[in-house]
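Enquirer: the following block contains a protein sequence and its predicted model.
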Amino acid sequence: MAQQTYDRFYIESPLQDHSNPEIKTLFISGLPDDVKAREIHNLFRHRPGFDTCQLKYTGRGNQVVAFAAFFNHQAAVAALYSLNGVKFDPETGSTLHIELARTNSRRKHHPGSGPYVVIDNRTRKSLHKLEVSSDDGGYESDDPSETRQHDSQDEDDVANAKRDESAAVDGAEAIASNPEGKAAERNVQACSTLFIANLGPNCTKDELKQILSQYPGFNALKMRGRGGLPVAFADFEEIEQATKAMVELQDTELESSDRGGLHIEYARSKMRKQ
DNA sequence: AGCACA
């Protein structure tokens, strides 16, 4: 029978599956109801591999949720680990709850759309509102049409949102259409070598190696002095192992730290074996 | 904000 085939699709596991490598989108709940899309965007915009995000007012109970799309699964997981459970609003003590989304955000290319999108399903009335904005200082736009309302596109987007109530819909694609390119946060590729910065001037290789050796898959460490401050490269066997070390060691303060904790990213290229 | 080694 084909019955078993169906069963696996309907397992309702209490455990969150963080290992589905297809998923590059995060689902964020626990947001205060006055949250702004700009705040969500600012949460994620400097995370490696971040693409776009959207804020969504659900029809049900007027809850607010958000979706954050990344360029790859590992980057999404890294952001998940580092932001899950953090207090979002010190006033209310509200805490972010982040999981992998059930489906990836669909990309629909709207020319001139911004880095984040708001979809408001709160009222059944026809006063649905879709806001497209890039006014957070993050992107300099040379296209003034970005900030105007696209009335005819609203219908399209809201219809899209309703097609799948709980899944992500089209995130805006600003990066690909950004001409002079704030070369900063483009497609960040996961890599099994990590780039480690924000080290104190007298951080030693041994000090770093001692920390890193606790992590499975750790291979090799290289340090370079650059313009005074040292940076390091740490190579791992697998991307997943590098990711784990990155998310757990992110912002860690060493004895030698004098300017805040470690800043760790995927290296731009894998360490050569020599 | 800082990414080498070949």
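Expert: Received, thanks. This is a predicted model, so every value here is computed, not measured.
Enquirer: got the residues of the stretch 51-200 of chain A near DNA strand B?
Expert: Residues of the stretch 51-200 of chain A that fall close to DNA strand B, judged by Cβ under 7 Å from any atom of the strand: A:Thr193, A:Phe195, A:Ala197, A:Asn198. (Each C-beta comes from the backbone N, C-alpha and C, glycine too.)
Enquirer: got those residues as JSON lines, with distance to A:Asn62 columns?
Expert: Listed next are these as JSON lines, based on distance: Cβ to Cβ, whole Å:
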{"residue": "A:Thr193", "distance to A:Asn62": "45"}
{"residue": "A:Phe195", "distance to A:Asn62": "42"}
{"residue": "A:Ala197", "distance to A:Asn62": "42"}
{"residue": "A:Asn198", "distance to A:Asn62": "41"}
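Enquirer: output these in CSV, with neighbour count, secondary structure and pLDDT appended to each entry.
Expert: Conversion of those to CSV gives the following (neighbours: other Cβ atoms under 10 Å; DSSP: H, G, I helix; E, B strand; the rest coil; pLDDT from 0 to 100):
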residue, neighbour count, secondary structure, pLDDT
A:Thr193, 20, strand, 98
A:Phe195, 18, strand, 97
A:Ala197, 13, strand, 96
A:Asn198, 19, coil, 97
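Enquirer: so which bits of the one helix or strand A:Lys244 maps to are buried?
Expert: Mapping A:Lys244 onto the secondary structure by DSSP states H and E places it in helix A:239-249. Going by neighbour count (16 or more other Cβ atoms under 10 Å), the buried part of helix A:239-249 is A:Ile239, A:Glu240, A:Gln241, A:Ala242, A:Thr243, A:Lys244, A:Ala245, A:Met246, A:Val247, A:Leu249.
Enquirer: other SSEs contacting the helix or strand just after that helix?
Expert: Per DSSP H and E, helix A:239-249 leads on to strand A:263-266 as the next helix or strand towards the C-terminus. For strand A:263-266, the packing partners by 3 or more Cβ pairs under 8 Å, 6 or more residues apart in numbering; DSSP states H and E come out as strand A:193-197, helix A:239-249.
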